[in-house]
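# Pasting the sequence and the predicted coordinates here, then a few questions.
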Amino acid sequence: MSQVPIQYFNLMEENYSKYGLSVIQLIQIGKFYELWHEPDVPSIQQAYSQAELLVESSIRSRSLGVTPPIEQVASLLDMRIISPGKRSLLQMGFPIYSLTTYLSTLLDKGWTIIVIDELATGKSGPKQRAVSRIYSPSCNLEDCSELSYVISIYFKDDLLGITLFSAMNGHSIMFPVYWVDRDKVARLLINYRIKEVVIRADSEANSGILNKIYDLLIGWNLFPSEPNARIEVMGETLTSTPGLSCYLSYRYENDNKEWLLLHIYLGVNEEWFNKNYQEYTLSKIFQSTWTEDVNQANIISLLGTLQFIKDRNPNLIKNLQLPECYSSVVSPLNLILCNRAEYQLDLLPKKGKLGGLLNLVDYCSTAMGKRLLKFSLLNPITDYSELNLRYEEIATFKQLLDKQIFDNSELKQIKDLSSLHRQWAICASSDTTLPPKKLSQIYHSYLSANKLIGSLLPLLRLTPSVGPQLESLIGEIDRFFQVDNLSGDFKDILQPTDNLTNLLVQRQTLKAQLTEWAEQTSNIVFQDTISIKAEYFSKEGYAFSILSKKLAKLERYLANTPVTDPLIIILGKRGSHHIITSPAILKVSIEFNLLEEQVNIYVKQTYNGELKRLYFSYSELFLPLENMISRLDVALSGAIVSTKFNYTRPCLLTTDPKARGLIETINLRHPLIEQLNTQEECVAHDISLGDKGMLVFSVNGAGKSTLLRAIGVNVILAQAGMYVAADSFKLRPYHYLITRILGGDDLHKGQGTFEVEMRDLSTILKLANYNSLILGDEICHGTEVSSGLAILAATIERLTAARTSFVLSTHLHQVCSLIDSPVRYYHLSVIQREDLGIIYERKLKPGPGPSQYGIEVMGHIINDREFYTDALKYRELINWKSPPLRPRSKSSSLTVFRPSKYNSKVFIDSCEICGAPAEAIHHIKPKRLYGAFNLSRRSNLVPVCSSCHLDIHRNKISILGWKRTPAHKKLYWVYLNESLDS
């Protein structure tokens, strides 16, 4: 094997040990980048299913086959693999200029890209090569609408130190969390696009620590929970060696089908625990005295992050802003979304499915605005003044849009300044150069931002210092750079100076001399001025080009004519032309090249120096400017959405800190449902959640879950500072939103449906207070009826006692007769007609509604008359057995039931015969026996359910009337097959 492949594969082995199994190593060969593979060499990579990886390595079955990286990349980029000559070496490649085209595709699939470039030594002999760049999914400064993050986790007993870092804007946050509170972190992580996970632990390599890591990451959706998920792994076999510090590398797709890289380092550098080392290192990196009072676990996590980033690109840890340090993962200023409410309420789009709420309400024009909108939606707030300010900003933009005097054209011209400023910061602290094209994007973004601020300053409360500082910065850029040339030739980007002008004049003189020689020679030999041209060639420098068929004539002329420089040197051929020179031309070309180099050095040094000066002079402007643009973009998006979908401004009620959360809304709609389901009109609801909770009953499919989601989604919109889908929406902000809408078991934790329900119910009971909103769909449906009823009744009692706002849906009508709490009962109405079947009216009406309906709904879905008849028969058989009478509650709150239309003192409460929710009033004696005047006396009326009412009219039950007992009056009734004396 030749020297180059040996160098390539030696570097590959070294890079595997440093960066993990995801390495794609590209080597420059001329004008191409190539990827090589030795098919006969055993792979150090393995693959297992998730289930296999979670068991002891000694009892695993054989690993799954691993597709070589070269084959995966060739398939991904739709390229061909070749095996040149007789060598057993597989190769693929692409032109150097195509790297930026393919880079994002490779990074999105979880690859780490190592680029090996040829070195320009100026010496003859074999090419020298070295690693020039390393790109990893989280260490990449390419344009992206969503920032990529690396999460670093340090395990220390039952405490976790956590750091999140984005290389794209230098933003980082750090916080501790105890093992028992680890589930809270999942709520935070949904805000961030995590591409790499770095874990460090003071532990020997063993299956115990690994399974603890796997369990943690599965709970945070950073590791696949599906047992059959495929996971590529490298170094995992080292875990069997006691006392050995090792590095493990994983590549896989999580449950959201996003590729992640996991790096596990078992063993931590001893010096990281030294306080002096910590203060010195962090003060040096953050360019300020490190005085943060942060616990040890967080410090190790932060150092681990910085080391990980430095190993890939040292420039990425330069000019960093200090991390945001928190003592807890939960902020008291936010509405906390519990039980994965963001997933249950479809806030985010699911891969392969219709978009979530975020996609519906996102009309932002900038990448910064889109990020802020997502963050606001996933982190609703409770601060009254900030919420009212956001509402007012939307209202201002609505007025401007209605008057058609404002649009988003300026915002659309603003690039991702957060990322561009970060690239500027790196270049200001290193020897790298910010591409002039990037400066052009920054400059034109500033122009648009300046126009935007100027037009909105009188209307909105904007930071007053941003506008003047921005105008000053724009003026300085204009003064030093030719902004119209920033996308053109590098030599033309500076405004003229005496030094630069002098160099350019000398260069132009030499260029003119060469052009004059070419034209004179062409005129003498060929009687024109175009046959010989003076041109610049990247490899040969300045030389003459001539058509190959005219070269012989030129040579004859020079041979037969006495000239001072008759020698022609042929440098090469380009198509139909030859490139020629002579000693005199070569001398001028060398002088020109030296001047060209001087110009380039001068321009580069001046350009970098001015950019560095401007950065450190104006860097304090950047973050306020980014925040202002993001905020304006989100407010304008909110105005567009509210106008397009007819949303209304929420009204915040009293700010008394002791006042309970509250919702009062008229014609509340579900934002997503009304846009997705256009075949039928969206039914709106009036909701009042204040001093009493709601229990909602309905036929299957009538819309209980939609109602719950509509409440939750609109509360989130309101507390995110946005308008809501309603005609009126009054709100006293909540601190907790706890949902239990999606049922099902948990395969990863081995928990059945009922266990998952009880786990969620435990969260509800722990967090239930006067600032909590509970939304539960069919709680306790996973167990038998008696236990479900008992647990549901106890839940309602607890929530009522805690003054919690809640809306619970259920099919367990019997609960109405069990509870004493002041709860309001509602049902979503349906209409049953013989010609049309069941019609979902979906209107929210008072009372529990009919108690038996499942078979009727089933009959319209399963077209099997015999099966339907059998089901009815068995239900009648079940209903024939009279359930035991339940004791009446002493303090039953009858005011929550409908008063009878016959007598306002009689309420449609529970059935006086069986105890089920009443649905009608029965007249004990008919009009012909009692007379019209006495027909509706209280003594002649009895609330009954539909089943008992039917039995009365079928003469199966006989009502004897109300009878007084020593304690209270009681209804006497008998089955007609029973003895009246019994």
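Cool, got the structure. The shown structure was predicted, so the numbers you read here are calculated from the model rather than taken from an experiment. Numbers count the residues shown, from 1 in each chain.

# Residue 294 and residue 324 touch, don't they?
No - using C-beta atoms under 8 Å as the test, residue 294 is too far from residue 324 to be in contact (11.3 Å). C-beta here means a position set from N, CA and C on the backbone, and glycine is covered the same way.

# Need the residues touching each of the two.
Taking C-beta atoms under 8 Å, 6 or more residues apart in numbering as the contact criterion, the common neighbours of residue 294 and residue 324 are residue 174.

# Tell me which of those two has more neighbours.
Neighbours per residue, other C-beta atoms under 10 Å: of residue 294 and residue 324, the larger number sits with residue 294, 21 against 11.

# Surely residue 730 is in a strand?
Yes - remark: residue 730 belongs to a strand, assigned using DSSP: H, G, I helix; E, B strand; the rest coil.

# Hmm, residue 661 and it touching each other?
No - counting by C-beta under 8 Å, residue 661 is not a contact partner of residue 730; they are 11.6 Å apart.

# Who has more neighbours out of those two?
In this view residue 730 and residue 661 are compared by other C-beta under 10 Å, and residue 661 has more residues nearby, 25 against 17.

# ok, then the element right after the lowest-mean-pLDDT helix or strand in the chain?
With mean pLDDT, DSSP states H and E as the measure, the helix or strand of the chain carrying the lowest mean pLDDT is helix 927-930 (a mean of 66). Of the helices and strands lying after helix 927-930 in sequence (DSSP states H and E), the nearest is strand 941-944.

# so who does residue 682 touch?
Taking C-beta under 8 Å, 6+ apart as the contact definition, residue 682 lies against 669-670, 673-674.

# Let me know the pLDDT of it.
According to the predicted model, the pLDDT of residue 682 comes to 80.

# Quick check: it vs residue 349, distance?
Applying C-beta to C-beta, to the nearest Å, one obtains 21 Å for the distance of residue 682 from residue 349.

# again, but for residue 95
35 Å.

# Tell me who's in contact with residue 491.
Contacts for residue 491 (C-beta under 8 Å, 6+ apart) come out as 504, 599-600, 603.

# Kindly indicate which of those residues lies nearest residue 956.
residue 603 (101.5 Å; C-beta to C-beta).

# Quick one: residues contacting that closest one.
The neighbours of residue 603, taking C-beta under 8 Å, 6+ apart as the test, are 490-491, 493-494, 500.

# mind redoing it with 7 Å?
By C-beta atoms under 7 Å, 6 or more residues apart in numbering, the residues touching residue 603 are 490-491, 493-494.

# Now do the buried residues in stretch 801-821.
Of the residues in stretch 801-821, those buried under the neighbour-count criterion (16 or more other C-beta atoms under 10 Å) are 802-819, 821.

# Endpoint to endpoint, it covers what distance?
From its first residue to its last, stretch 801-821 covers 8 Å (C-alpha to C-alpha, to the nearest Å).

# so where's the stretch 701-850 of the chain uncertain?
742-752, 782, 832-838 (pLDDT under 70).

# which stretches of it form strands?
The residue ranges that make up the strands of the stretch 701-850 of the chain, judged by DSSP state E, counting those that start in this stretch, are 728-732, 736-740, 772-777, 805-809, 824-833, 837-846.

# need the longest helix for the protein.
Across the chain, the longest stretch assigned as helix under DSSP state H is helix 583-645.

# Residue 388: what's its closest spatial neighbour, skipping adjacent residues?
Across the structure, with C-beta to C-beta, 6 or more residues apart in numbering as the measure, the residue nearest residue 388 apart from its sequence neighbours is residue 652 (6.4 Å).

# I'd like the next helix or strand past the helix or strand harbouring residue 510.
Using DSSP H and E, residue 510 falls within helix 498-526. Proceeding N to C from helix 498-526, the next assigned helix or strand is strand 532-537, under DSSP H and E.

# Quick one: residues in contact with that following strand.
Applying C-beta under 7 Å, 6+ apart, the external contacts of strand 532-537 come out as 514-515, 518, 521-522, 542-546, 579.

# quick one: secondary structure of residue 307?
helix.

# Model confidence for it, exactly?
On the pLDDT scale, residue 307 is placed at 94.

# Next, residue 570: secondary structure please.
Taking three-state DSSP as the rule, one finds residue 570 in the strand state.

# Equivalent analysis for the one 10 residues further on, please.
Going by three-state DSSP, the secondary structure assigned to residue 580 is strand.

# Which residues are in contact with it?
Going by C-beta under 7 Å, 6+ apart, residue 580 touches 543-544, 546, 568-571.

# try 8 Å this time
Contacts of residue 580 (C-beta under 8 Å, 6+ apart): 543-546, 551, 568-571.

# List only buried entries from those.
Buried among the contacts of residue 580 by 16+ other C-beta under 10 Å: 543-546, 551, 568, 571.

# Show me what the helix or strand harbouring residue 282 is in contact with.
For residue 282, the enclosing helix or strand under DSSP H and E is helix 275-286. Helix 275-286 has contacts (C-beta under 8 Å, 6+ apart) with 271-272, 289-290, 299, 302-303, 306, 317, 320-322.

# Need the buried ones from those selected in ChimeraX.
Here the buried members of the contacts of helix 275-286 are turned into a ChimeraX selection, burial being counted by 16+ other C-beta under 10 Å:
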select :272,290,299,302,303,306,317,320,321
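
# Rebuild the contacts of helix 275-286 as a markdown table, extending it with distance to residue 647 and secondary structure.
Below are these laid out as a markdown table (distance: C-beta to C-beta, whole Å; DSSP: H, G, I helix; E, B strand; the rest coil):
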| residue | distance to residue 647 | secondary structure |
| --- | --- | --- |
| 271 | 56 | helix |
| 272 | 51 | helix |
| 289 | 49 | coil |
| 290 | 47 | coil |
| 299 | 46 | helix |
| 302 | 42 | helix |
| 303 | 47 | helix |
| 306 | 44 | helix |
| 317 | 44 | helix |
| 320 | 40 | coil |
| 321 | 36 | coil |
| 322 | 39 | coil |
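
# what's the closest of the contacts of helix 275-286 to residue 956?
Of all those, the one with the least separation from residue 956 (C-beta to C-beta) is residue 302, at 76.6 Å.
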